[in-house]
Structure formats: structure tokens, C-alpha cells
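K.L.:
coords please:
(one chain, ligands or ions: 2)
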Amino acid sequence: MNLKEVVKLADDLVFSRTGKHLNDLQEKILHGTWEDDDYKEIAKAVNLSEARVREVGMELWQTLSQELGKRVSKSNFRSTFSHFEQHHNQSSYMICGHTLYLTDIPNSTPSTEQKSNSKPTKTLHQDLSEMPELGDFYDRTPQLDTLTTWILQQHSRLITLTGISGIGKTTLAVQLVQQIKDEFEYVIWCSIDASHTPDEFEHKLIQFFSQSENLDLSATNPKRLPLIKYLQNHRCLIILDDVHNLFCSGELAGKYKPDYEEYRSLFKQIEKLSHQSCFLLIGWEQPREVTKVKSQNKPIRTLQLKGLDIAAAREILREYGLEEIDNTEALIHRYQGIPLWLKSVATLIEELGIDVTELLLDDTILLPEDLKEVLQQQYDRTSELEKQVMSLLARENQPVNLANLLEKGQLSSSDLLNALQSLSRRCWIEKQESLYTLPPVLKEYIKGL
Ligand SMILES: Nc1ncnc2c1ncn2[C@@H]1O[C@H](COP(=O)(O)OP(=O)(O)O)[C@@H](O)[C@H]1O
Ligand SMILES: [Mg+2]
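P.N.:
Numbering: from 1, shown residues only. Ligands and ions are numbered 1, 2, ... in the order given. Got it, this is the predicted structure:
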């Protein structure tokens, strides 16, 4: 390895350990050490005291030693690091017989040859005990294709899948997992509930990884590795469903509960550090910081799920014998192709023998009790600001613009904008160009409160 590669590797190791990249002085120390300069010479070059440079150097060797599980010092740095073997591609190194995956995995589609090389030959470990069983599954091909490309070809590290309750997030993810799970060495599905503190969650994952590694750990390194090491050393797929349970109720969307702040650093690490694994976060809300990064070359992706298309939604109505009615499409549009909403209203229509054509003619929106309950759970999570904006929108017959909302509401422009942003992240409002509106079902629900 040349100096540049060594500095990159050291930077990855330090980042993996501390979450921080090498600073200028640390880099200068590595350069100097590589050139066989002593601390005095390095200190002179950087115009600092020898004591200061020595102190920073000692800290650096300690961090590298901890991360490698092997003593690194100024005197053995060059010999240790020049013996690392970089192989196959930019992404892996041989260290003490172990393969470390530390640098960026290329974003491009792998060639057929690479693909077959990268297929795990090791045992597959899957804990899907918390994954729901899949019932009927109607077409979601475009969304499945998108997610599969992000995960398998672009090696995205963190993906969020959001959407209103009942839109089919969990169902889509189950189908996805069934299709791609064998591409991973480790797959685990975790349904997040109130008991999942950050520590417990991390412990659960490490437990899952280390259980299957008992043999490897016993001889050389009985200490459990930090979670990120597993994500670097193995290709893992980790699905977290119902992540809205990590966030506060009564606040704008995506604010961590006080005791759950550590999830922020965990997700940050997963995004920033080089590894070969993928976290899929599913829920009504997503972490606030995730929505900010949408650029194509980031290892992070967000998918806000919309309703089923007409053909797939028709299949749902078929289950209730309603596929042949006139104006099926109008019914599907009214309920936005949201499978749970369609199922709920179809049940009511079927049980009461309601004439759907009449129903559609007079713009009636049926809100069965079970649907109201589902909506209430999410409505209850919104902040006071959002509730004010929703009630403002519910009174409007037409989509309204910002100026109009400002005029009608008693809110400051920043409060209004924050509320609109949060509501749109929750998929509770729709925006067409610069006009905002509540979907008909939600409008009906809010009006009935
Ligand atoms: N693609 C689909 N095909 C058939 N049924 C679906 C589909 N997506 C969702 N459903 C049904 O809609 C309901 C809600 O789906 P679910 O995945 O639990 O929604 P979410 O996780 O977004 O709350 C479930 O009864 C599910 O079976
Ligand atoms: Mg779900």
C-alpha cells in the first residue's frame, strides 16, 4: 500500500472508532511517521510543540490499536500498515487473516462476474420471526424495482420507506425481503415498539450477529465487536418496522423521544461509515435528518409510498365482489388507492348492501369506525400547530396557497411552514404546485372531530 492508501485506511479506522475523520495534525503525524521523521521533526514542520504532537500521536496510535485489535505504535506503524493487503477492489483489506471492508463500495452496477463473486458463499442467518406473513400481494412492481436497485446495485446503506398507515409499507417490505434475502449473510426484521431503547436494540442486533459467530470469537477475540464491525464484515439487511415509535407524539414529525436520541448517532454512523450492509426504516415518520439528504450520490434513499394503481386496487375490490360496479375508478380515487382504506370501506359497502353509484354521485365519504381508529392514532401524534393547519385546510373547498393560509390562520409564517412540511412528511396533505389541500378522506375525518 502506498502512503495515500495508508492514510485513507487509517482515516476509515479512526472514523469507524470515533465518528470523526483525521484532522490536519493527525494526517501530518502519519505522513511524518511514514517518512521516518521523529516527533521533533514533525513538530517543527507543523509549527507546534513536540509535546503536543507526541500527545496527539499517542492518542492516534491508541485509537488505531483499539480498532484493529492489534498494537500500533509510532515505531511499528509503517511495517504494520504496509503489510495490509488491499485486494479484489477498493473495498476490502486482509488484516490478520480477517477481511475488513472499509472503503466505499462502488455505486455502479456490478458486472456479472463481480455479482457472482459477491454472492455470499457463507451460511445465511435470518431472523424473520417478527416479520408478518404475506397475504395477497397485488402489483407493486415499480416500487419493488426501485428498492431492489437501491439495495442490491447501488448499495444504499440507509433507506426510509414512509407513508400513511394502511398504504402497504409493511406488505411491500415483506415482499421485498422475500425476493432479496438470500443475497445477504444476515437478515433480521425488527418491529420497533416502546421497549426498544437504543441500548436494547443494539444489544439485540449484536446478539443476533454474535450467536452465529461463537466459534470465531472463542479462540482469538472473546470480546464482542461493536455493531458497525458486523455491518462492515458481513453483508447484512436490517429492517426496522414502525420506526415512528422512536419519535415523540405531539411534536412535528421525526423528533426523537428523549431517551431515543442515540438512534440518531446510530443512523448517522450507518449513513456515514463505509460498510456493506443496509438498514431499511419503515414507518409513518422518518428521522428529520434523513429527509435532508436526497442527492443521488448519497448512500441514503427515501421512498414515500403512494396508493396502489387502479389495476391493483381493483384486485382488492374484487375480494369484496365490487370490481364490476360502475365507477370503480372513482371509488379508488376517492380512497386514494390505499389498500386498508379500500378494504375498510368495501367491507361496509358489502355488509350494508350500499349502492355505490349513488354514494359516488353525492360525494359521500364513508368513514367506517375501524378506519377512523386508524386515522386517530396518527392524528393524535400530530402537534398543535399541525392540527390548526389541518382544521384550516378542512374548511376549504379548493386547494389554497400559502398567502391564503397565512391570512386565514393566526400563525406566523415560520410556524405555518414548519407545520406544512411536517404534514407533508406524514403524507397528510397534498401539494400541487404551490397549492395545499387535504385528501377527501382526511378532510372528512377532520371535519367530524
Ligand atoms: N400490494 C398489496 N396487495 C394486496 N394487499 C395489500 C398490499 N399492500 C397492502 N395490502 C393490504 O393493506 C393492508 C395494510 O397494509 P400494511 O402493509 O400493513 O400497511 P402499512 O404497513 O403501510 O400500515 C393489509 O391488510 C395488507 O394486506
Ligand atoms: Mg406497517
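K.L.:
now do the contacts for the closest residue to Ile151 other than its chain neighbours.
P.N.:
Nearest residue to Ile151 in three dimensions, chain neighbours excluded: Cys278, at 5.2 Å (Cβ to Cβ, 6 or more residues apart in numbering). C-betas here are computed from N, CA, C, even on glycine. Residues in contact with Cys278 (Cβ atoms under 8 Å, 6 or more residues apart in numbering) are 151, 155-159, 236-238.
K.L.:
need the residues of this protein near ligand 1, please.
P.N.:
By Cβ under 6 Å from any ligand atom, the residues of the chain that approach ligand 1 are 135-138, 140, 163, 165-171, 308, 339-340.
K.L.:
go again using 8 Å as the cut-off
P.N.:
With Cβ under 8 Å from any ligand atom as the criterion, the chain meets ligand 1 at residues 132, 134-140, 163-175, 241, 282, 284, 305, 308, 312, 315-316, 338-340, 343.
K.L.:
filter those residues to the buried ones?
P.N.:
138, 140, 163-175, 241, 282, 284, 305, 308, 312, 315-316, 338-340, 343 (16 or more other Cβ atoms under 10 Å).
K.L.:
so which of the contacts of Cys278 comes closest to ligand 1?
P.N.:
Ligand 1 lies nearest to Ile159 out of the contacts of Cys278, by Cβ to the nearest ligand atom, at 15.1 Å.
K.L.:
tell me, how many residues neighbour the closest one?
P.N.:
23 (other Cβ atoms under 10 Å).
K.L.:
checking it next. Helix, strand or coil?
P.N.:
State at Ile159, reduced to three classes by DSSP: H, G, I helix; E, B strand; the rest coil: strand.
K.L.:
shouldn't it be in contact with Gln286?
P.N.:
No - contact criterion Cβ atoms under 8 Å: Ile159 and Gln286 do not qualify, at 9.9 Å.
K.L.:
common neighbours of the two, please.
P.N.:
Common neighbours of Ile159 and Gln286, counting by Cβ under 8 Å, 6+ apart, are Thr302.
K.L.:
show me the shaky parts of the stretch 251-400 of the chain.
P.N.:
291-297 (pLDDT under 70).
K.L.:
going by proximity to ligand 1, name the top residue of it.
P.N.:
For the stretch 251-400 of the chain, Cβ to the nearest ligand atom, closest residue to ligand 1: Pro339, 3.3 Å.
K.L.:
kindly report the same for the stretch 51-200 of the chain.
P.N.:
Closest point on the stretch 51-200 of the chain to ligand 1, by Cβ to the nearest ligand atom, is Gly168, at 2.8 Å.
K.L.:
list the contacts for that residue?
P.N.:
140, 305, 308, 338-340.
K.L.:
so which residues of the chain form strands?
P.N.:
85-87, 92-95, 98-101, 125-127, 158-162, 186-191, 236-241, 278-283, 300-304, 400-401, 430-432, 435-437 (DSSP state E).
K.L.:
of these, which shows the lowest average pLDDT?
P.N.:
Per-stretch averages of pLDDT across the strands of the chain put strand 98-101 at the bottom, with a mean of 46.
K.L.:
could you pull up the residues touching Glu202?
P.N.:
227, 266.
K.L.:
tell me the confidence at it?
P.N.:
Taking Glu202 on its own, its pLDDT is 90.
K.L.:
separation between the nearest residue to Phe15 once chain neighbours are set aside and ligand 1?
P.N.:
Spatially, and ignoring its direct neighbours in sequence, Phe15 is nearest to His21 (5.5 Å; Cβ to Cβ, 6+ apart). Applying Cβ to the nearest ligand atom, to the nearest Å, the value for His21 to ligand 1 is 38 Å.
K.L.:
correct me, but His21 touches Asp12?
P.N.:
No - with contact defined as Cβ under 8 Å, His21 does not reach Asp12; the gap is 9.1 Å.
K.L.:
so for the two, which residue has more residues nearby?
P.N.:
It is Asp12, of His21 and Asp12, that has more neighbours when counted by other Cβ under 10 Å, with 22 against 12.
K.L.:
and that one, how close does it get to ligand 1?
P.N.:
Between Asp12 and ligand 1 the computed distance is 36 Å (Cβ to the nearest ligand atom).
K.L.:
mind listing what the nearest residue to Ile316 once chain neighbours are set aside touches?
P.N.:
Nearest residue to Ile316, sequence neighbours excluded (Cβ to Cβ, 6+ apart): Leu342, at 4.9 Å. Counting by Cβ under 8 Å, 6+ apart, Leu342 makes contact with 313, 316-317, 331-332, 335.
K.L.:
10 Å instead, please
P.N.:
Counting by Cβ atoms under 10 Å, 6 or more residues apart in numbering, Leu342 makes contact with 166, 307-308, 313-314, 316-317, 319-320, 322, 331-332, 334-336.
K.L.:
and what of Ile167?
P.N.:
161, 284, 304-308, 336-341, 427.
K.L.:
how about it, phi and psi?
P.N.:
phi -80, psi -20 (degrees, to the nearest 10).
K.L.:
quick one, grab the pLDDT at the closest residue to Ser82 other than its chain neighbours.
P.N.:
Spatial nearest neighbour of Ser82, chain neighbours left out: Met1 (6.0 Å); criterion: Cβ to Cβ, 6+ apart. With respect to pLDDT, Met1 scores 77.
K.L.:
same check, this time on the one 4 residues further on
P.N.:
The confidence metric pLDDT takes the value 84 at Glu5.
K.L.:
mind checking how far it is from Ser274?
P.N.:
14 Å (Cβ to Cβ, to the nearest Å).
K.L.:
in terms of neighbours, single out the busier of those two.
P.N.:
A side-by-side neighbour count of Glu5 and Ser274, using other Cβ under 10 Å, places Ser274 first with 20 against 16.
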